[in-house]
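[1] have a look at this fold, sequence not included:
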């Protein structure tokens with residue numbers, strides 16, 4: 001990915017009157033051997049780098065099961081025009097099976113269509129790492145700006161833009177059902193160039209899908225999206241917006257609570273509820289002032305809860321988000337499966353993505369400082385082993401994504417571990433892959449003793465190993 005970004009810097013512009021993107025690509029074997037690199041316009045003016053790689057540099061090479069790394073989403077046949085094949089078609093025809101994509105193409109004639117085509121042909125698509133995505137966006141800032149303006153023109157010229165179901169007003173919804181306080185907060189934090197309420201805001205909110213103008217009149221009604229995000233009591237019209245919580249104490253009956261607030265209010269209220277009810281608050285005197293801290297890192301749990309609010313499938317009307325807490329574990333369940341190109345393995349590998357099935361909800365949460373728009377949140381969970389907690393697990397169960405956090409080693413079936421073995425396992429989780437030498441140095445062990453400890457962790461099914469001899473590496477097991 002890093003080399004592809006560097007290769008993109010060498011791109012040769014073809015136009016003077018409009019912006020051309022900087023795009024780089026690399027094809028490697030599935031074992032990582034680089035076969036060739038290319039950048040836009042390298043061999044011919046305007047030639048796309050994927051075409052340069054597949055049809056020129058590697059034309060006589062069998063690319064079956066090879067891996068492509070490209071900084072911009074591949075184009076499609078439709079975007080290339082009559083008689084021309086898009087890069088996505090060339091990639092599929094070459095039998096490449098895995099593609100890493102830097103960013104979506106902002107061109108409205110391509111955006112997401114290239115990725116959808118690859119997925120439809122059974123290719124596995126992964127995103128670049130967030131820091132590299134930011135570099136690509138910065139380098140292509142003018143190109144992105146130009147294409148975003150082009151997209152606006154296309155939307156305005158469209159006589160009948162297709163709307164998602166939740167971007168339509170529902171019977172019974174009224175403008176009075178929206179929270180003035182939360183909308184003013186959103187306008188202020190997002191630095192929109194107009195106030196709420198105002199004619200200008202209504203126009204923007206209508207274009208964005210929060211409001212719907214009624215038959216050309218001056219009357220506006222909130223859409224499903226507007227009600228869920230900013231409604232005073234959205235659950236009356238959209239019961240799927242409810243976030244259910246259950247706290248099971250060591251003794252006694254569980255404490256159950258339903259949060260029926262607008263989406264933008266749910267996390268602040270859930271956080272307050274957890275701090276008051278679910279977590280012990282020992283005094284931290286490490287600093288100059290006394291600070292109360294929960295017994296589980298609240299910022300990590302915040303990412304799981306906020307992600308559930310943002311990314312769940314709101315078209316599933318009979319299901320709600322659910323948070324369960326007991327002394328051993330924390331479970332966050334959100335309706336809907338992982339949306340391609342993201343896979344459950346990407347989540348288990350803590351690989352963040354720029355994709356969301358609900359990009360407008362994500363935009364609002366980002367503007368209100370509740371979430372990272374670039375998919376950085378999930379990577380923060382990787383800090384857990386350094387804080388004394390195992391990494392969470394990710395599973396798909398009954399059409400829902402289930403994220404499980406352990407508060408103790410018992411929750412992960414690690415009761416057979418000693419305290420030292422648990423500490424060693426957490427170290428491997430935090431630093432994998434780990435060599436025997438690294439392990440021995442970390443725990444001040446002789447080489448043979450270190451090997452015995454590692455063998456014991458393998459016996460406990462806590463870790464696995466790859467390679468042989470000095471090349472052997474140790475990983476935390478995902479099952």
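    Perfect, thanks for sending it. If you're wondering where the values come from, they're calculated on a predicted model, not measured in any experiment. Numbering: from 1, shown residues only.

[2] any regions of this protein where pLDDT drops low?
    151-165, 216, 280-294, 341, 352-355, 371-379, 409-415, 479 (pLDDT under 70).

[3] what's the domain layout of it?
    With automatic domain parsing as the criterion, the domains of the chain are listed as 2-147, 165-231, 241-411, 414-476.

[4] what about the helices in the stretch 201-350 of the chain?
    For the stretch 201-350 of the chain, the helices defined by DSSP state H, counting those that start in this stretch cover 224-230, 263-277, 298-311, 344-348.

[5] format those helices as JSON lines; extra columns: mean neighbour count and distance to residue 190.
    For every residue, glycine as well, the C-beta is placed using N, CA and C. As requested, those are exported to JSON lines (neighbours: other Cβ atoms under 10 Å; distance: least, Cβ to Cβ, whole Å):
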{"stretch": "helix 224-230", "mean neighbour count": "26", "distance to residue 190": "12"}
{"stretch": "helix 263-277", "mean neighbour count": "17", "distance to residue 190": "12"}
{"stretch": "helix 298-311", "mean neighbour count": "20", "distance to residue 190": "16"}
{"stretch": "helix 344-348", "mean neighbour count": "16", "distance to residue 190": "28"}
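
[6] distance to residue 95 added to those, as JSON lines?
    Listed next are the helices of the stretch 201-350 of the chain as JSON lines, based on distance: least, Cβ to Cβ, whole Å:
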{"stretch": "helix 224-230", "distance to residue 95": "41"}
{"stretch": "helix 263-277", "distance to residue 95": "43"}
{"stretch": "helix 298-311", "distance to residue 95": "32"}
{"stretch": "helix 344-348", "distance to residue 95": "21"}
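
[7] residue 279: neighbour count?
    18 (other Cβ atoms under 10 Å).

[8] hang on, isn't it packed against residue 296?
    Yes. With contact defined as Cβ atoms under 8 Å, residue 279 reaches residue 296; the gap is 6.1 Å.

[9] closest to residue 1 out of the helices of the stretch 201-350 of the chain?
    Ranking the helices of the stretch 201-350 of the chain by proximity to residue 1 (Cβ to Cβ) places helix 344-348 first, at 14.1 Å.

[10] name the residues that touch the closest one?
    Around helix 344-348, the neighbours that count as contacts under Cβ atoms under 8 Å, 6 or more residues apart in numbering are 126, 127, 338, 353, 378, 393, 394, 395, 396, 401, 478.

[11] list the contacts of the closest residue to residue 95 other than its chain neighbours.
    For residue 95, the nearest residue in space outside its immediate sequence neighbours is residue 64; the separation is 4.2 Å by Cβ to Cβ, 6 or more residues apart in numbering. Contact analysis of residue 64 by Cβ under 8 Å, 6+ apart lists 95, 96, 97.

[12] tell me the contacts of the first one?
    The contact partners of residue 95, taken as Cβ under 8 Å, 6+ apart, are 62, 63, 64, 65.

[13] what of the last one?
    By Cβ under 8 Å, 6+ apart, the contact set of residue 97 is 30, 64, 65, 66, 67, 122, 123, 124.

[14] same thing but 10 Å
    30, 63, 64, 65, 66, 67, 68, 91, 121, 122, 123, 124 (Cβ atoms under 10 Å, 6 or more residues apart in numbering).

[15] so the second one is in which element?
    In the assignment (DSSP states H and E), residue 63 maps to no helix and no strand.

[16] distance check, the closest residue to it other than its chain neighbours against residue 434.
    The shortest distance from residue 63 to any residue that is not its chain neighbour, by Cβ to Cβ, 6+ apart, is 4.4 Å, and that residue is residue 94. With distances defined as Cβ to Cβ, to the nearest Å, the gap from residue 94 to residue 434 amounts to 37 Å.

[17] what of residue 95?
    Noted for residue 95: a distance of 35 Å to residue 434, by Cβ to Cβ.

[18] residue 233 too?
    Here the criterion is Cβ to Cβ. By it, residue 233 lies 52 Å from residue 434.

[19] look at these two and report which has more neighbours.
    Of the pair residue 233 and residue 434, residue 434 is the one with more neighbours under other Cβ under 10 Å, namely 22 against 13.

[20] in contact with that one, which residues?
    With contact set as Cβ under 10 Å, 6+ apart, residue 434 has these partners: 424, 427, 428, 442, 454, 463, 465, 472, 473, 474, 475, 476.

[21] and it, bridged to which residues?
    Here residue 434 shows beta-bridge partners residue 474, assigned using DSSP bridges.
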